[in-house]
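Trainee: okay, structure incoming, though there's no sequence with it:
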Ligand code: SF4
Ligand code: SF4
C-alpha cells in the first residue's frame, strides 16, 4: 500500500538523530557469553517467580520463571546450561550446546491460540515500556485498529530500523497474526521519514498502511503515534483502546512471529550499541541476560563521559556496567563530553521553554517547583505530572539544565504511594 503522510498536532523538539552511526550496520550476533545473568524484572509488572533450582540443567527455551501476577511475564532460558544461582536474578552457566526446548509450532492458529502463545512465550512490549503483550491483546474496549510503532524516534538507536529492512516479511507475518488475534480492520505502521527504505519495504503489503512520520520527537509515543496515523485522540488518563486502537512495536511483532511459527520464546533481541565514544557502532542480536559490559568490551574510546541504557532522551544513565540485557533493552549509548550536557544546573529562568515543547501540554517547571517543596498534590494539579510520558523534551530544551524528568519521576512515585508532605 502506498505510504501516506501523517496528521500532526503536537509540540515536540527537533533532536539531531545521530542514526548514521549505526543505521548501515547489519545485525550481527553479540559475543557468546560463558555466563548469563537473567533479571527477574523483565516487564512493567511484578517480578517473575523462579521455577528452577541451583544445579538444574535447562535447555534453551525452557521456562525458568513464571509470571509474578496477571501483569507479568514468563522467562525462558536464553541458552542451555546449568543454573548457578537463584536470587533476584537467575545465573545460568552456558554449556554452549544450544539444545532447545521450544513450544510446538502453530499452523493456522485461532485468535485465542495466538493470544495464548504470546503469553506462553513471555512476550512483552519491546519498545521500552515492557507491558506484557498478552494483557494488551485482551483490551476492555472494542478495538478496530492496529498501529505498529516503527518510529524509533530516540536518537542513535537503529535496531528497529535494521529489523524492519532485514526481517520485513517476518514482521509482516507477525502483524498478520496480531490482526487476526484482535479481529481488527485497519492496520497502520508509523515510520519516521529518516527511514525511507523501511517505509518502502512495507509498501509491499496490501493489508498494512505505511504512514510517513515527520522527524519530530517524541512522535513514537503511543498517543502521538495514534493521532499521527489515525487522527484519533486518546483522552488524558485513558488507554489507546478507548480510541479503538492497540499499539505494538515492530520488534514485538517479530517476536510474535517467531513464537507462533517456531515456538521460540522471547530469549533474545536486537539492540544498538552506538555513540561518539564507541569505536564501532553495532546492531547486535543478543541473548537476554548478557552483561552490558560485554557489549562494550574493547569498543569504548578513552573519552567516554556518559553511558546510557536505552536512548539518550528516555534512557537511564549508568553508574557502572554491572546490569544485563533485558527484554526491553533497546540500546547502549556511550557519549563524549561534547554529546552530553554535564554542566551543573542553575536556577530556573522562568523562560517557559519546557512548557512550550511539552507534547502533553504540561507545565514541567511547576512540577519541579512543587516536587522540590514536597507538595505532590500541587505537582499533579499545576504540573499535570500524571499525564507526563517522560519523553525528556522539556529537559532537553531547558537552558538552566534543570533535572525536570527526575522531578517528574519522583512526584509520580510519591503520588502513587499516596504521599504528600
Ligand atoms: S513534562 Fe513530561 S511529557 Fe512534557 S516534555 Fe517533559 S517529560 Fe515530556
Ligand atoms: S525551560 Fe528550564 S529554565 Fe525555562 S522555565 Fe522551564 S525549567 Fe525554568
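Mentor: Structure received. Values in this document were obtained by computation on a predicted structure and should not be read as measured data. Ligands and ions are numbered 1, 2, ... in the order given.

Trainee: in the stretch 101-250 of the chain, what residue is nearest ligand 2?
Mentor: residue 217 (15.9 Å; C-beta to the nearest ligand atom). Backbone N, C-alpha and C define where each C-beta goes, glycine included.

Trainee: now the phi/psi pair for that residue, please.
Mentor: In terms of degrees, to the nearest 10, the main-chain angles of residue 217 are phi -80, psi 140.

Trainee: quick one, strands of the stretch 101-250 of the chain?
Mentor: Along the stretch 101-250 of the chain, the segments classed as strands by DSSP state E, counting those that start in this stretch run 145-150, 186-192, 209-213, 245-249.

Trainee: got a markdown table for those, with distance to ligand 1, mean neighbour count and mean pLDDT too?
Mentor: What follows is the strands of the stretch 101-250 of the chain, written out as a markdown table (distance: least, C-beta to the nearest ligand atom, whole Å; neighbours: other C-beta atoms under 10 Å; pLDDT from 0 to 100):
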| stretch | distance to ligand 1 | mean neighbour count | mean pLDDT |
| --- | --- | --- | --- |
| strand 145-150 | 17 | 26 | 98 |
| strand 186-192 | 18 | 25 | 97 |
| strand 209-213 | 17 | 22 | 97 |
| strand 245-249 | 17 | 25 | 97 |
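
Trainee: got the residues of this protein near ligand 2?
Mentor: 348-354, 365, 398-400, 402, 404 (C-beta under 6 Å from any ligand atom).

Trainee: ok, those vs residue 246, which is closest?
Mentor: Lowest distance from residue 246 to those (C-beta to C-beta) belongs to residue 404, with 30.4 Å.

Trainee: which residues are in contact with residue 18?
Mentor: Neighbouring residues of residue 18 by C-beta atoms under 8 Å, 6 or more residues apart in numbering: 155, 156, 274.

Trainee: can you tell me which of the residues you listed is nearest ligand 1?
Mentor: residue 155 (15.2 Å).

Trainee: how about the nearest residue to the closest one, chain neighbours excluded?
Mentor: residue 18 (4.6 Å; C-beta to C-beta, 6 or more residues apart in numbering).

Trainee: same deal with residue 191?
Mentor: Spatial nearest neighbour of residue 191, chain neighbours left out: residue 150 (4.2 Å); criterion: C-beta to C-beta, 6+ apart.

Trainee: again, but for residue 4
Mentor: residue 211 (5.8 Å).

Trainee: tell me the phi and psi of the residue of the stretch 201-350 of the chain found nearest ligand 1?
Mentor: Ligand 1 sits closest to residue 218 of the stretch 201-350 of the chain, with a gap of 7.1 Å, by C-beta to the nearest ligand atom. Residue 218 adopts backbone torsions of phi -110, psi 80, taken as degrees, to the nearest 10.

Trainee: list the buried ones in stretch 367-378?
Mentor: 367, 368, 369, 370, 371, 375, 376, 378 (16 or more other C-beta atoms under 10 Å).

Trainee: packing partners of the worst-scoring helix or strand of the chain on mean pLDDT?
Mentor: Lowest on mean pLDDT, DSSP states H and E among the helices and strands of the chain sits helix 376-383, with a mean of 83. Judged by 3 or more C-beta pairs under 8 Å, 6 or more residues apart in numbering; DSSP states H and E, helix 376-383 is in contact with helix 364-372, helix 404-417.

Trainee: CSV please, covering the ones you listed and showing mean pLDDT.
Mentor: Output for those, formatted as CSV (pLDDT from 0 to 100):
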stretch, mean pLDDT
helix 364-372, 91
helix 404-417, 89
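
Trainee: among those, show me which one is buried the most.
Mentor: Highest mean neighbour count among those (mean count of other C-beta atoms under 10 Å): helix 364-372, with a mean of 22.

Trainee: so what touches that helix?
Mentor: 348, 350, 352, 354-355, 358, 376, 378-379, 382-385, 388, 394-395, 402-404, 407-408, 410-411, 414.

Trainee: hang on, the earlier thing: of the contacts of residue 18, closest to residue 94?
Mentor: Ranked by distance to residue 94 (C-beta to C-beta), the contacts of residue 18 are led by residue 274 at 26.3 Å.

Trainee: what about the closest one, distance to residue 318?
Mentor: In this structure, residue 274 and residue 318 are 15 Å apart, going by C-beta to C-beta, to the nearest Å.

Trainee: repeat that for residue 144.
Mentor: 42 Å.

Trainee: now the buried residues of stretch 367-378 in TSV, with distance to residue 54?
Mentor: Formatted as TSV, those follow (distance: C-beta to C-beta, whole Å):
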residue	distance to residue 54
367	46
368	46
369	51
370	48
371	43
375	48
376	43
378	50
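
Trainee: compare neighbour counts for residue 274 and residue 318 and give me the winner.
Mentor: residue 274 (30 against 16; other C-beta atoms under 10 Å).

Trainee: report the beta-bridge partner residues of that one.
Mentor: Taking DSSP bridges, one finds residue 333 as the beta-bridge partners of residue 274.

Trainee: centre of the chain versus stretch 271-287, how much separation?
Mentor: 16 Å (C-alpha atoms, centre = their mean, to the nearest Å).

Trainee: and that stretch, what's buried?
Mentor: Applying 16+ other C-beta under 10 Å to stretch 271-287 flags 271-278, 281-284, 286-287 as buried.

Trainee: just stretch 34-52 next, same as before
Mentor: Result for stretch 34-52 [16+ other C-beta under 10 Å]: buried residues 35-45, 47-48, 50, 52.

Trainee: which intervals of the chain have sub-threshold pLDDT?
Mentor: 9, 419-421 (pLDDT under 70).

Trainee: let me see the domain layout of it.
Mentor: Following automatic domain parsing, one finds the domains of the chain at 33-94, 110-261, 268-339, 353-417.

Trainee: tell me which of those lies nearest to residue 4.
Mentor: domain 110-261 (5.8 Å).

Trainee: end to end on that closest one, go ahead and measure it.
Mentor: Length of domain 110-261, first residue to last, C-alpha to C-alpha, to the nearest Å: 13 Å.
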